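1. Here is my input; please provide its structure:
(chains A, B, C and D)
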Number of protein chains: 2
Amino acid sequence: MATVKVDTPRYIDKSGYMESEQAILALAALAQSTRLDVFRLLAKHEPEGLPAGDIAKALAVPQNTMSSHLAILSRAGLVTARRFSRSIVYRADLKAFQSVVLFMLRDCCDGRPEICGPLIEDLTPCCNPKPRTKAHV
Amino acid sequence: MATVKVDTPRYIDKSGYMESEQAILALAALAQSTRLDVFRLLAKHEPEGLPAGDIAKALAVPQNTMSSHLAILSRAGLVTARRFSRSIVYRADLKAFQSVVLFMLRDCCDGRPEICGPLIEDLTPCCNPKPRTKAHV
DNA sequence: ACGGTATTTCCAGAATTATCGAAATAGCGA
DNA sequence: TCGCTATTTCGATAATTCTGGAAATACCGT
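-> Presented below is the predicted three-dimensional model:
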């Protein structure tokens, strides 16, 4: 039977699981040294991005191997690709990255705020040295 | 055999930062639906923890399969195990989890604080209704 | 000691992932 | 059109991960 490919192998559509599924995709994408390096590199090169060839060269990985890694990151939503003439420029999707982090923290923090408070404290000096941001919560 | 059973968190290096290798281990551990469910479950059951059998039963997974998942989570430093008579009670290591999140955020935030500012804002109402140590940060 | 419970280890098969050479596709300039 | 560059897709192999049956280990009560 030549039916369509099922890409929902285990638990199907429960509406709450869609988010988990996507998060797992992102975690798996980052759980590999080359891809983690790629994301790091692309984050550093925001917002201009980098063409695929430059990424491969920078990390000393064959182009086709890099291409498959980039495809995995892209499928996970962590990077975006856009063609510029002959090059395909990849960019880190930092919003998506934030979503992954938020997913993780909600998973552990839900109902127990005391867990993430310290984390915010640790994070604040690192990521928000400016005294005040807009308080439009 | 004398397994590694150290009090000092193995996933933190001298500078207090999590190493990439350890972070990858943790990300890979969470990038699997059963294990993500396990961590969620254990986080929900902090600080009492749950015996291995209960975890297996709760998630409808054979005990030996669950045992290997728990070993992976443990190796990644995300859970701890302690024997209580016949049971081995597992607990989520939320500090380690926080380290993973911090690692990720440092990876993308380093040098560009404007990226994580919004994340802290999103996180604050969820996780930190009131600041813990009113430090001089 | 024994029997029962809780959990892990051993093992093996199935599935998935990583890697990369070779070929294919896409765009550009002449 | 041809040739060149940039990138991806194809295909195959090696490595790793997932799964669970069976056996082993650890503990407790009697």
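2. and the gap between the residue nearest to the spatial centre of chain A and A:Ala43?
-> Nearest residue to the geometric centre of chain A (Cα atoms, centre = their mean): A:Leu78, 3.2 Å. Taken as Cβ to Cβ, to the nearest Å, the spacing of A:Leu78 relative to A:Ala43 amounts to 10 Å. To be clear about C-beta, it is placed using only N, CA and C from the backbone, and glycine gets the same treatment.
3. got it, and A:Pro51?
-> Counting by Cβ to Cβ, the gap from A:Pro51 to A:Ala43 is 16 Å.
4. hey, what's in contact with both of A:Leu78 and A:Ala43?
-> When contacts are counted by Cβ atoms under 8 Å, 6 or more residues apart in numbering or on different chains, the set common to A:Leu78 and A:Ala43 consists of A:92, A:97.
5. and A:Gly77, what are its phi and psi?
-> When quoted as degrees, to the nearest 10, the phi and psi of A:Gly77 stand at phi 80, psi 10.
6. Surely it touches A:Ala96?
-> Yes. Distance between A:Gly77 and A:Ala96: 4.6 Å, which falls inside the contact criterion (Cβ atoms under 8 Å).
7. what's the overlap in contacts for these two?
-> Between them, A:Gly77 and A:Ala96 have A:Ala26 as joint contacts when contacts are counted by Cβ under 8 Å, 6+ apart.
8. For my notes, confirm A:Thr80 occurs in a helix.
-> No. Secondary structure assignment places A:Thr80 outside any helix; it is strand (DSSP: H, G, I helix; E, B strand; the rest coil).
9. count of neighbours near it?
-> Using other Cβ atoms under 10 Å in any protein chain shown, the number of residues around A:Thr80 comes to 15.
10. Could you do A:Leu41 as well?
-> A count of neighbours around A:Leu41, defined by other Cβ under 10 Å, yields 16.
11. Secondary structure element holding it?
-> helix A:33-44 (DSSP states H and E).
12. again, but for A:Val101
-> In this structure, A:Val101 sits in helix A:94-109 according to DSSP H and E.
13. Off-centre distance for that helix?
-> Shown here is helix A:94-109, whose average C-alpha point lies 10 Å from the average C-alpha point of the whole chain (Cα atoms, centre = their mean, to the nearest Å).
14. can you pull the buried residues of that helix?
-> Buried positions in helix A:94-109, judged by neighbour count with 16 or more other Cβ atoms under 10 Å in any protein chain shown: A:94, A:96-109.
15. just to revisit the earlier point, pull the contacting residues for the residue nearest to the centre of chain A.
-> Contacts for A:Leu78 were tallied using Cβ under 8 Å, 6+ apart; they are A:26, A:29-30, A:39, A:92-93, A:96-97, A:100.
16. any idea how far chain B is from it?
-> In this structure, A:Leu78 and chain B are separated by 10 Å, where distance is defined by Cβ to the nearest Cβ, to the nearest Å.
17. Same question for A:Val61.
-> Here the distance between A:Val61 and chain B works out to 16 Å (Cβ to the nearest Cβ).
18. confidence score at the nearest residue to that residue once chain neighbours are set aside?
-> In this structure, A:Val61 finds its nearest non-sequential neighbour in A:Thr34, 6.0 Å apart by Cβ to Cβ, 6 or more residues apart in numbering or on different chains. The per-residue pLDDT reported for A:Thr34 equals 98.
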